[in-house]
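[1] sequence-free structure coming up:
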C-alpha cells in the first residue's frame with residue numbers, strides 16, 4: 001500500500017515542489033492525494049488558502065503527511 005501525501009507550494013516554490021513530487025513518486029512510491037498547484041501562476045497569493053486546505057485534508061485523514069514549499073521565507 002502506498003503512503004499518501006499532500007503537497008503544495010506558492011509560485012516561488014513551484015519548481016522545487018515539482019522536483020520533490022517527482023522524487024516522492026518515483027523513488028519513494030508515494031501517492032499524491034493533494035496537489036492543487038499545477039502551474040506556477042496558480043500559487044500566486046494563494047499560500048494561506050492552500051495551507052488551510054492541506055491542513056483540512058490531513059485532519060480528515062485523507063493522508064497523514066503534507067509538504068508545503070514556501071519560497072517567501074516566512075515559512076509554513
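    Yes, it's here. These numbers come from a predicted model, not from an experiment.
[2] Can you give me the neighbour number for residue 9?
    By other C-beta atoms under 10 Å, the residues close to residue 9 number 28. Heads up, the C-betas are built off the backbone N, CA and C, glycines and all.
[3] Surely it touches residue 21?
    No: in this structure residue 9 lies outside contact range of residue 21 using C-beta atoms under 8 Å: 9.4 Å.
[4] for the protein, what spans make up the helices?
    For the chain, helices defined by DSSP state H occupy the ranges 14-26, 47-59.
[5] got those helices as TSV, with mean neighbour count and mean pLDDT columns?
    Converted to TSV, those look like this (neighbours: other C-beta atoms under 10 Å; pLDDT from 0 to 100):
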stretch	mean neighbour count	mean pLDDT
helix 14-26	15	96
helix 47-59	15	92
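[6] closest to residue 72 out of those?
    Closest to residue 72 of the helices of the chain, according to C-beta to C-beta: helix 47-59, at 7.3 Å.
[7] Who are the packing partners of the closest one?
    Here helix 47-59 is seen to pack against strand 4-9, strand 31-34, strand 65-69 when contacts are counted using 3 or more C-beta pairs under 8 Å, 6 or more residues apart in numbering; DSSP states H and E.
[8] quick one, which of those strands is packed in tightest?
    Per-stretch averages of neighbours, counted by mean count of other C-beta atoms under 10 Å, single out strand 4-9 among the helices and strands packed on helix 47-59, with a mean of 24.
[9] what pairs with that one, and is each one parallel or antiparallel?
    strand 31-34 (parallel), strand 65-69 (parallel) (DSSP bridges).
[10] picking that back up, nearest to residue 50, of the helices and strands packed on helix 47-59?
    Of all the helices and strands packed on helix 47-59, strand 4-9 sits nearest to residue 50, with 4.6 Å by C-beta to C-beta.
[11] if we can go back for a sec, tell me which of the helices and strands packed on helix 47-59 sits nearest to residue 41.
    When the helices and strands packed on helix 47-59 are compared by C-beta to C-beta, strand 4-9 sits nearest residue 41, at 12.0 Å.
[12] How far off centre is that closest one?
    Its chain's C-alpha centre and that of strand 4-9 lie 3 Å apart, by C-alpha atoms, centre = their mean, to the nearest Å.
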